[in-house]
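Got a sequence here, can you build the structure:
(chains A and B)
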Amino acid sequence: MTGHTPAPDDADVGRPRTATDSAPAVPRWAGRWSAGTAQRLGLVLVGAALVVLFGSARASFYDQQLTVFPLLRDIAVFTVVGLSQLATMSIGHMNLAVGRMAAFSAMFMGIAYQQWHLPLYAGLAVGLLAGAAIGALTGWIISATGVNSFVVTLAMDFALLGLVSLTYSQLTTVAAFTAKPAGMDELRGYSMADVCVGNVCGSPAIPQILLFTIVAMLLVGYLYSRTRTGRELLLVGSNSTAARLSGVPVTRRVIGAHALSGMLAGLAGFMLAVTSGSFTAGIGSEFMIPSFLGPVLGGTLLTGGAVSVVGTLLGTSLVQVIRQGLTTLGTGLENLNIYLGVILLLALSTDRIRSVVSARRAVAHP
Amino acid sequence: MKRSPVRNALFCAAVSLSLAAALTGCSTKGGTGAASDKEAADKIPLSAVKVALVPGGAHPYFQLWKTTGAKAKADFGLGDVTYDETAEWNQAKQNSLLTSLAARGHNAFGVFGVSPTDVNSTFADLKSKGFAVASLGSCPAGGTLKADFCLSTDVEQAAYKATQADIQAMGGRGNLVHLTGNNVDSNTQRRMAGVKKAVAETNGQVTLLTTVTDIDTDLQTAQKAVSDLLTAHGSQINGLVATAYNPAVAAAAAIKQGNLPIKVVAIDDDPKILAGISDGSVFATVAQNPAGQAYVGSWALSRLQSGQCTVRAPGAVVDSGSFVVTRDNVGTYDVERQTKTDRLMNDFKTSVLSCP
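Numbering: from 1, shown residues only, chains lettered A, B, ... in the order given. Alright, predicted model coming up:
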């Protein structure tokens, strides 16, 4: 992808063209798919093959209520986790504190519901603001000190771990905020079959919480593909020095990307708390590895400058389908983790292989 | 390339409004999807009941569930009793595992919930699908139970008993340290409350020097924490009470190796701890009754799912028992535990369940 200027769309946003770049974009009808499109198509094919494979091994894999509904609910949560990491990956950074930021936001939501008695969406707004604030602080520290994002977010992870645990132990007796605002249980269990326009209702296999993911994908996709800010974020990821020399406010973009990451982590924390049942300090403790897995599998570069929102959904879906399929087949704990480890390795290798292939293409077709 | 800020704002507003419309603008039927209720099961033969015993994750405590589950299947003529420990101490993964087991035909569930504050939602989901559900080994936090019954150790009571035994061994005075598991787990909070209660009853004769939490993840973590503790405060400590498995094993080994005059009261009956009691390096341990939980729990679940019995008071909480084991009864406590299991079975038949 690095050797091409891809056609911009919501799903695949490659290295941006600057104002001085006058080369025409490759048209969609050029007859060849971009590397990113081919990769996403590959994910769809592999995912579909696995669905057929698991389904033919056990018909219960197609059970709408017992398999598909919980599977889509997990995909909904972890896609937003992936988008959170994608926001920092777009500028070539990483956010190792993605799980703790989710816990931090969820803690504010829990306080909003239990102590301040706010309604569901007001509490969500409080938590998202808290997530954005802690993300912005992280971005500001990275910009102000020049220390690598790996180190800063790792430190932030430890700091938040202590802060969140301390707050829960001070404010609660059961290490969780258990107050449930009106609508929380419904959001957890309701599917699109409960949403009707006239006599037409949705599918009972699609959880309502998936709507949050769709909205997040649309907004993030729009940001990176249709706005100047999004293109500037990608330019910072491609080459921050070039971005600075081109007049891009790099510091503000770094803070913005981390704030977006924190806010999306907060949204994922909210979704997990809703699907689990309460706001606990343990929220997000499993987020870090899946946060990289989805975007990288989907074509987002670890080195920054290219993101894929739809790819993040597809990458996350593939991982969750494999996990759900293996669980449905009754695979033991050890085997389950071996298979998931192999997928992680493949995901990281794919990024490297793509870079090498792109570099060779660039040499062959300068 | 420059986009209108107004257009951007309009796009964001449109997307946000579409969500609001989807959730509020349309009519809502209410729970017809995944949470839809099924009719309560009609009478089915015991051979059609497939019990799933699902701990929060892999842990030595649950190994007896596996063997006892197989025994229960044979003794009671059940269709199946499966043990699945792949939840990896994550509530979301446990939820996913439970629905997968249901999709595979299991219709009765004995669950050790990962998150005591969340597991009631899981129980409610399973109940709404017409399955028999028991909370085994741990009850949800908050005093509400949405499973049919809870059969578990009263963890606060067990910690209280262990601390009382330690205080007795210390001669009723001195400094005590509490070693335990995940601080942000409500069961840990209950154990801490049990220890504090017993210390408070000494009217200041015993001081709780410190409580070391989050050291039950694995044995190495516990060994390091115990080693650090003894290096820093070893001379001040008179008693160590461990209310989690790994700290208990680590404390027993460290005291034995250092030949220290610290009275250790552990939890569970790991062979290393029982050996420590025999050689005097461990004063006592509080054994629990996981086998009784799995055996009696499987029986009750099968009777509920088969329609032969109902729960007299839904949400009943039953203590599966905890036993202080010292050198005096290290050879005989298992008989006491078996007696407790027999009594539990009788209690379920006569007072917890109603079997017309």
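
What strand or helix carries residue B:157?
Here residue B:157 sits within helix B:155-169, counting by DSSP states H and E.

What is the neighbour count of whatever residue of the stretch 151-300 of chain A ends up closest to chain B?
Going by C-beta to the nearest C-beta, chain B is nearest to residue A:191 of the stretch 151-300 of chain A, at 2.8 Å. Yep, even glycine has a C-beta here, placed from its N, CA and C like the rest. By the criterion of other C-beta atoms under 10 Å in any protein chain shown, residue A:191 has 28 neighbours.

Same question for the one 3 residues further on.
Around residue A:194 sit 23 other residues, with neighbours defined as other C-beta under 10 Å.

Phi, psi for residue 214 please.
Unless you meant another one, I'm taking chain A. Main-chain dihedrals, residue A:214, degrees, to the nearest 10: phi -60, psi -40.

Switch to chain B, please.
Dihedral angles for residue B:214 - degrees, to the nearest 10 - are phi 60, psi 30.

Where does pLDDT dip in chain A?
By pLDDT under 70, the low-scoring segments of chain A are A:1-35, A:333, A:343-344, A:347-348, A:350-352, A:354-355, A:364-366.

Tell me where it has helices.
Using DSSP state H, the helices of chain A run over residues A:35-57, A:69-89, A:98-114, A:120-145, A:149-171, A:184-189, A:210-226, A:228-238, A:240-245, A:250-276, A:288-298, A:309-329, A:333-364.

Find the closest residue to chain A in the stretch 201-350 of chain B.
residue B:214 (8.5 Å).

Return the per-residue confidence for the spatially closest residue to that residue that is not a sequence neighbour.
Spatially, and ignoring its direct neighbours in sequence, residue B:214 is nearest to residue B:183 (5.4 Å; C-beta to C-beta, 6 or more residues apart in numbering or on different chains). Looking at residue B:183, its pLDDT stands at 76.

which residues touch residue B:183?
For residue B:183, the contact set (C-beta atoms under 8 Å, 6 or more residues apart in numbering or on different chains) comprises A:165, A:169, A:175, B:213-214.

related to what we said a few turns ago, just list whatever residues bridge to the residue of the stretch 151-300 of chain A closest to chain B.
residue A:207 (DSSP bridges).

my guess is it meets residue A:206, correct?
Yes - between residue A:191 and residue A:206 there is a contact under C-beta atoms under 8 Å: 5.7 Å.

circling back: JSON lines please, covering the helices of chain A and showing distance to chain B.
Output for these, formatted as JSON lines (distance: least, C-beta to the nearest C-beta, whole Å):
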{"stretch": "helix A:35-57", "distance to chain B": "11"}
{"stretch": "helix A:69-89", "distance to chain B": "4"}
{"stretch": "helix A:98-114", "distance to chain B": "10"}
{"stretch": "helix A:120-145", "distance to chain B": "9"}
{"stretch": "helix A:149-171", "distance to chain B": "6"}
{"stretch": "helix A:184-189", "distance to chain B": "3"}
{"stretch": "helix A:210-226", "distance to chain B": "5"}
{"stretch": "helix A:228-238", "distance to chain B": "6"}
{"stretch": "helix A:240-245", "distance to chain B": "15"}
{"stretch": "helix A:250-276", "distance to chain B": "4"}
{"stretch": "helix A:288-298", "distance to chain B": "11"}
{"stretch": "helix A:309-329", "distance to chain B": "4"}
{"stretch": "helix A:333-364", "distance to chain B": "4"}
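
Format the ones you listed as CSV; extra columns: distance to residue B:307.
Shown next, in CSV, are those (distance: least, C-beta to C-beta, whole Å):
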stretch, distance to residue B:307
helix A:35-57, 32
helix A:69-89, 27
helix A:98-114, 39
helix A:120-145, 39
helix A:149-171, 42
helix A:184-189, 26
helix A:210-226, 36
helix A:228-238, 60
helix A:240-245, 68
helix A:250-276, 31
helix A:288-298, 42
helix A:309-329, 27
helix A:333-364, 34
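
Quick one: those helices as CSV, columns for distance to residue B:208 and mean neighbour count too.
Shown next, in CSV, are these (distance: least, C-beta to C-beta, whole Å; neighbours: other C-beta atoms under 10 Å in any protein chain shown):
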stretch, distance to residue B:208, mean neighbour count
helix A:35-57, 52, 16
helix A:69-89, 40, 29
helix A:98-114, 27, 28
helix A:120-145, 34, 21
helix A:149-171, 16, 17
helix A:184-189, 37, 20
helix A:210-226, 45, 21
helix A:228-238, 52, 23
helix A:240-245, 53, 14
helix A:250-276, 32, 27
helix A:288-298, 35, 27
helix A:309-329, 43, 25
helix A:333-364, 37, 13
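
OK, contacts around residue A:106?
With C-beta under 8 Å, 6+ apart, residue A:106 has these contacts: A:127, A:266, A:269-270, A:272-273, A:279-280, A:283-284.

again, only using 7 Å
Neighbour list for residue A:106: A:127, A:269-270, A:273, A:279, A:283 [criterion: C-beta atoms under 7 Å, 6 or more residues apart in numbering or on different chains].

Ok, residue B:163 next?
Here residue B:163 is in contact with B:194-195, B:198-199, B:241 (criterion: C-beta under 7 Å, 6+ apart).

hmm, back to that, mind checking the SS state of the residue nearest to residue B:214?
coil (DSSP: H, G, I helix; E, B strand; the rest coil).

Quick one: closest of the helices of chain A to residue B:286.
Nearest of these to residue B:286, taken as C-beta to C-beta: helix A:149-171 at 24.3 Å.

on contacts alone, who are the packing partners of the following helix or strand past the helix holding residue B:157?
As assigned by DSSP H and E, the chain's next helix or strand after helix B:155-169 is strand B:174-179. Under the contact criterion of 3 or more C-beta pairs under 7 Å, 6 or more residues apart in numbering or on different chains; DSSP states H and E, strand B:174-179 touches helix B:186-200, strand B:206-212, strand B:239-242.

Tell me which residues are up against the last one.
Contacts to strand B:239-242, defined as C-beta under 7 Å, 6+ apart, come from residues B:162-163, B:166, B:169-170, B:174, B:176-179, B:195, B:248, B:251, B:262-267.

now with 8 Å?
Under C-beta under 8 Å, 6+ apart, the answer for strand B:239-242 is B:159, B:162-163, B:166-167, B:169-170, B:174-180, B:195, B:206, B:248, B:250-251, B:255, B:262-267.

Tell me which helix or strand the residue nearest to residue A:327 when sequence neighbours are not counted sits in.
Nearest non-adjacent residue to residue A:327, counting by C-beta to C-beta, 6+ apart: residue B:100, 4.4 Å away. Using DSSP H and E, residue B:100 maps to helix B:91-103.

just residue B:110 next, same as before
Using DSSP H and E, residue B:110 falls in strand B:108-111.

Partner strands of that strand and their direction?
strand B:50-54 (parallel), strand B:132-136 (parallel).

hmm, who's touching that strand?
B:49-54, B:65, B:94, B:98, B:101-102, B:119, B:122-123, B:126, B:131-136, B:147, B:293-294, B:297-298, B:301-302, B:304-305.

what's residue B:155 in contact with, if anything?
Contacts of residue B:155 by C-beta under 8 Å, 6+ apart are B:138, B:187, B:190-191, B:194, B:243.

Which residue, other than its chain neighbours, is closest to residue 119?
Using chain A here. Per C-beta to C-beta, 6+ apart, closest to residue A:119 is residue A:181, 5.6 Å.

meant chain B, my bad for not saying
residue B:113 (2.7 Å).

Contacts only, for that neighbour.
By C-beta under 8 Å, 6+ apart, residue B:113 lies in contact with B:56, B:91, B:94, B:119, B:122-123, B:135, B:138, B:140.

got the strands paired with strand B:108-111 as TSV, with mean neighbour count and mean pLDDT columns?
Putting the strands paired with strand B:108-111 into TSV (neighbours: other C-beta atoms under 10 Å in any protein chain shown; pLDDT from 0 to 100) gives the following:
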stretch	mean neighbour count	mean pLDDT
strand B:50-54	26	97
strand B:132-136	28	96
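
Any stretches of chain B with poor pLDDT?
For chain B, the ranges with pLDDT under 70 are B:1-42, B:184.
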